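K.L.:
give the three-dimensional model of this entry:
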Amino acid sequence: MMLSSVRETSEIGKLSAVCEATVCGGILRRRPTGTGEQVEETSSIRDSASSLQEAIERHARYSLGKHWRDLSARDRFDAVALAVRDRMVDRMLETEERYGRSNPKRLYYLSIEFLIGQFLGNNLLNLGIRESCREALKNLGASLEDVEASEPDAALGNGGLGRLAACLLDSLATLGMPGYGYGINYEYGLFKQEIDNGYQREKPDNWLAEGTPWEIARPDEACVVPVYGHVEHSVDRKGGYNPMWMDWKVLIGIPHDIPVVGYGGQTVNYLRLYSARASQDFDMKIFNDGDYLKAVEQKIASETISKVLYPSDVMVAGQELRLVQEYFLVACAIRDIVRRFERDHENFQAFPEKVALQLNDTHPALAVAELMRILIDEKDLEWEQAWTITQATLGYTNHTLAPESLEKWPVPLLESVLPRHLQIIYEINRRFLDRISAAYPGDAGRLKRLSIIEESTPQQVRMASLAMEGSHSINGVSAIHTELIKTSLAPDFFRLCPEKFNDKTNGITQRRWLLKTNPALASLITSTIGEGWLTDLYRLRELEAHAADAGFQAEFERVKHLNKEKLAGIIQDTSRLKVDPDSLFDIQAKRIHAYKRQLLNVMHLVDEYLSLVDDGRQPAVPRTYIFAGKAAPGYWLAKQIIKLIHNVGRVINHDPRANPWIKVAFIPDYRVSLAEKIIPAADISEQISTAGTEASGTGNMKLALNGAVTIGTLDGANIEILEEVGRENMFIFGLKAAEVRTMREQKSYRPWEYYARDPRVKRMVDSFSSNLFCPNEPNLFAWIFASVMDANDEHFHLADFTAYVEAQEKAGDTFRERSRWTQMAIMNVARMGKFSSDRTVAEYARDIWNIKNPS
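P.N.:
Modelled structure (predicted):
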């Protein structure tokens, strides 16, 4: 098969028609519409406990084919979720009708990850029917909490990137804005983490094994995705160059919509996730040729594309699968978006006026080439027209400052998988370099640095450069991150087009991360200042007037202690470790990575332990160090850190001298639903990344919003939290980003000087070269001694160590002053207004997307 200009693309249209004709979707009921009062009255009736109970029992019988009394725990969840989904679908169809009347500009958010977690509790709260559901289930002899616990996490993400995407969707719907997520419907999400003798073991997380009641399959809107083949160079009837993409293979993308309800239930948008299926045409041809096994193999290979989140790209095969996965997302999304646009518009000049496409990091960067290909090859636009439309439509969010983390694809691989796209990328780069040459004549070095094609062996396509050149907006996710993009990551690009760069500091949705996660604190806040904070987080400032009030402090402390008791129970259940809720809960829960410096945390607690048992120096207060997080399966160092935490914990937890003062816990299988239990219990929030390495962080926001006091470096959003909360309500330490950069550039870091100067530093570091924490596995942690004593230690552990210890000691001393500590915690909650994703979305909508609530 071939793809070229509009005259040669009829095969794709035929395949789409075949795909739509051979599959059928379900019929969705919708609520009758009428006047606003009628709709509100109907909604009120449908959302009553009796109506919900009736719907739940109906789904038990007709959707699951069972009596309520015979349902398993998972069946009960399905029945409840389907009853809730009915109400969301009604509102989703009404939302689409409302949008249809005003034909607004729409936002499409492309992300390789959406880390959503559990849906049910959040949906009930946003719909305002949680208590009705609780009553309905009570009447049926069931507990809402038990039903909610039966839901598996939708582990469609790995960390902050995917969680940010989920928060933004919540805020888009809450603000009534037409915004949709586009992603991949991974059958296997991020792995389940098990701990075996301190070592991380990965188990598959088949979250879709029993299906999910939240998804609505849309097979009638399937997309055809061409891959592989080659480009033949020819001319059209007018003698113009007419490249033809020939002999491509076909994948089919089947969309599944998950309704996303905003707070108050007035707007329901959706997240569209694509599952990969083999083309029936191709399978039948091979089948008819008599090669049944080959037909089956092709089907399996095609459907592998949406099988697993982030396949390992260490091997070439894994790298190819990841590239195909990223293109699959982009191709499905853009074809669907173009199809929607063409329902109401004929002239593609209006495309940027009706469509905004946001690229969440570099994974969807192929959208630049794919949109160009569709506009030129299928819609017959001239290059200049297509390029103007593409740039005006696309925006790019950068999430990393590490050059090695910016995606690059080998040219030979792109040439094999996407030959036409590589051709388009070459042409984009040629025109880009011509523009640079005109602006900076004779500057070969600048051309080399800015080129989308890296001149290595083999050549590489720099996806961040493609995204920057192909977008009208380039944003960072915190003020310092945006500044570092301009000055360190892409200074040449910034000088060339400074108008593209802007900051959009990340945010979190307070509906999930306070109302749902910490209902006791949410209730205390609402009873004190009202519920306005649920849609305007700046209203939390009203708590400042109560921060020093003894009565409010007592209630605040009661809530915190209750949450700590619950977490202590989880630690007992998962780790067989008894911890004291009266101790200081010092929590570092996040992805395990060198730059996040879990190692620095362990270094401090080892120093505290050795000071106690060797010197008799007791800590200011008993402290429980709580860790949680997953290491990437192929990341040896991170997995060694997990082993280190367990071994250090084993020694300390079994030493009677340390027992009253220090406990170390690692809670396995960190995920959104577990984070919702850990975060409300934190006294201290560890945000200790090397300055200049964390783009933003959102865990810092969630913890502070729930009354944790941050101990951290001047990195990422910590800086803006400091500006809002005040230095007197945080514990800040360590090098600044500029100081780190200077030490790197001047090679002035000398860890041996810190080692020789301070006996405590020496003792702590030497403990890793001894077998103190690995008596049964000699020299297991010798690498840590070598790493932190290396002048090339990228994370400057010893440079920050003493300042970190001093900050920790100050935190311990302050924790003894209960009133002072509680006031600090309350002030953290009160001053988190800036960090709502509602604010983030409003800024994107105003400055980049140009969308608004059409009501």
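K.L.:
quick one: pLDDT of the closest residue to M832 other than its chain neighbours?
P.N.:
Nearest residue to M832, sequence neighbours excluded (CB to CB, 6 or more residues apart in numbering): L705, at 4.7 Å. Just so you know, the C-beta spots here come from the backbone N, C-alpha and C atoms, and that holds for glycine as well. With respect to pLDDT, L705 scores 98.
K.L.:
what pLDDT is listed against E555?
P.N.:
98.
K.L.:
oh sorry, the question was meant for E303
P.N.:
78.
K.L.:
count the residues that sit near the residue nearest to M832.
P.N.:
26 (other CB atoms under 10 Å).
K.L.:
now do it against S302, distance only.
P.N.:
Distance of L705 to S302, computed by CB to CB, to the nearest Å: 43 Å.
K.L.:
what's the answer for Y109, then?
P.N.:
Distance from Y109 to S302, by CB to CB: 26 Å.
K.L.:
okay, those two: which has more neighbours?
P.N.:
More crowded of Y109 and S302, by other CB under 10 Å: Y109, with 26 against 23.
K.L.:
let's verify the more buried one: helix, strand, or coil?
P.N.:
strand (DSSP: H, G, I helix; E, B strand; the rest coil).
K.L.:
quick thing: my sequence starts at 7, can you match it?
P.N.:
In the new count, where the first residue is 7, that last one comes out as Y115.
K.L.:
next up, the contacts around it.
P.N.:
171, 174-175, 185-188, 364, 366 (CB atoms under 8 Å, 6 or more residues apart in numbering).
K.L.:
do the same with I648
P.N.:
Taking CB under 8 Å, 6+ apart as the test, what I648 contacts is 201, 204-206, 598, 635, 637, 672.
K.L.:
I'd like the average pLDDT over the helix or strand hosting it.
P.N.:
Following DSSP states H and E, one finds I648 within helix 642-659. Mean pLDDT, helix 642-659: 98.
K.L.:
now swap in stretch 524-536 and tell me
P.N.:
Average pLDDT, stretch 524-536: 98.
K.L.:
next, the buried residues of that stretch.
P.N.:
524, 526-528, 530-531, 535 (16 or more other CB atoms under 10 Å).
K.L.:
other residues contacting it?
P.N.:
Outside stretch 524-536, the residues touching it (CB under 8 Å, 6+ apart) are 520-521, 539, 545-546, 548-549, 552, 558, 561-562, 565, 568-569, 685-686, 712-713, 835.
K.L.:
tell me, how many residues neighbour G557?
P.N.:
When neighbours are counted by other CB under 10 Å, G557 comes out with 8.
K.L.:
ditto for D242
P.N.:
D242: 12 neighbours (other CB under 10 Å).
K.L.:
so it makes contact with N248?
P.N.:
Yes - look at D242 against N248 with CB atoms under 8 Å: they come within range, at 4.1 Å.
K.L.:
where does the stretch 707-856 of the chain have low pLDDT?
P.N.:
By pLDDT under 70, the stretch 707-856 of the chain contains no weakly predicted segment.
K.L.:
sorry, wrong one. I was asking about the chain.
P.N.:
7-51, 286-307, 317-323, 410.
K.L.:
so where do the strands sit in the stretch 507-656 of the chain?
P.N.:
507-509, 590-595, 629-634 (DSSP state E, counting those that start in this stretch).
K.L.:
show me what contacts the closest residue to I135 other than its chain neighbours?
P.N.:
Excluding the flanking residues, the one nearest I135 by CB to CB, 6+ apart is D53, at 4.7 Å. If you count contacts by CB under 8 Å, 6+ apart, D53 has them with 93, 133-135, 138.
K.L.:
what of Y194?
P.N.:
By CB under 8 Å, 6+ apart, the contact list for Y194 reads 210-213, 313-315.
K.L.:
recalculate using a threshold of 6 Å.
P.N.:
When contacts are counted by CB atoms under 6 Å, 6 or more residues apart in numbering, Y194 touches 210-212, 314.
K.L.:
just the buried ones from the residues you listed, in ChimeraX syntax?
P.N.:
Entered in ChimeraX, the line below selects the buried ones among the contacts of Y194, by 16+ other CB under 10 Å:
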select :211,314
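K.L.:
which one of the contacts of Y194 is nearest to A445?
P.N.:
V314 (44.1 Å; CB to CB).
K.L.:
can you give me phi and psi for L277?
P.N.:
Dihedral angles of L277 (phi, psi; degrees, to the nearest 10) stand at phi -100, psi 120.
K.L.:
ignore the last one, S117
P.N.:
phi -150, psi 140.
K.L.:
name the nearest residue to it, ignoring sequence neighbours.
P.N.:
S117 sits nearest to N366 (CB to CB, 6+ apart), 3.8 Å away.
K.L.:
from G270, how far out is W519?
P.N.:
For W519, the distance to G270 - CB to CB - is 18 Å.
K.L.:
whoops, I mixed them up, H405
P.N.:
On the measure of CB to CB, H405 and G270 end up 30 Å apart.
K.L.:
the more surrounded of the two?
P.N.:
H405 (19 against 15).
K.L.:
wait, is that one part of a strand?
P.N.:
No - secondary structure of H405 (three-state DSSP): coil, not part of a strand.
K.L.:
now the closest residue to it other than its chain neighbours: phi and psi?
P.N.:
Among residues not flanking H405 along the chain, D367 sits closest, at 4.5 Å (CB to CB, 6+ apart). In terms of degrees, to the nearest 10, the main-chain angles of D367 are phi 80, psi -170.
K.L.:
D367 contacts S411, correct?
P.N.:
No - counting by CB atoms under 6 Å, D367 stays clear of S411, with 9.5 Å between them.
K.L.:
out of the two, which sits in the busier spot?
P.N.:
Neighbours of D367 and S411, each counted by other CB under 10 Å, are more numerous for D367; the result is 26 against 12.
K.L.:
quick one: the strands in the stretch 157-306 of the chain?
P.N.:
160-162, 185-190, 198-202, 205-209, 222-223, 229-233, 236-238, 250-252, 255-267, 274-284.
K.L.:
quick one, which of these is nearest to G740?
P.N.:
Closest approach to G740 among the strands of the stretch 157-306 of the chain (CB to CB): strand 205-209, 27.9 Å.
K.L.:
now that closest one, how far from the centre of its chain.
P.N.:
Relative to the chain's own centre, strand 205-209 is displaced by 22 Å; criterion: CA atoms, centre = their mean, to the nearest Å.
K.L.:
strand partners (parallel or antiparallel) of that strand?
P.N.:
strand 198-202 (antiparallel) (DSSP bridges).
K.L.:
and the angle from the partner strand to strand 629-634?
P.N.:
Per axes from the mean of the first three to the mean of the last three CA atoms, to 10 degrees, the angle that strand 198-202 makes with strand 629-634 is 130 degrees.
K.L.:
residues contacting the spatially most central residue of the chain?
P.N.:
In the chain, the C-alpha nearest the mean C-alpha coordinate belongs to G168, at 1.5 Å (CA atoms, centre = their mean). G168 sits next to 119-121 when contact means CB under 6 Å, 6+ apart.
K.L.:
how does it look with 8 Å?
P.N.:
If you count contacts by CB under 8 Å, 6+ apart, then G168 has 117, 119-122, 162 around it.
K.L.:
so which two of these are the farthest from each other?
P.N.:
S117 and I122 (11.4 Å).
K.L.:
wait, G163 sits on F120?
P.N.:
Yes - G163 is within contact range of F120, at 5.8 Å (criterion: CB under 8 Å).
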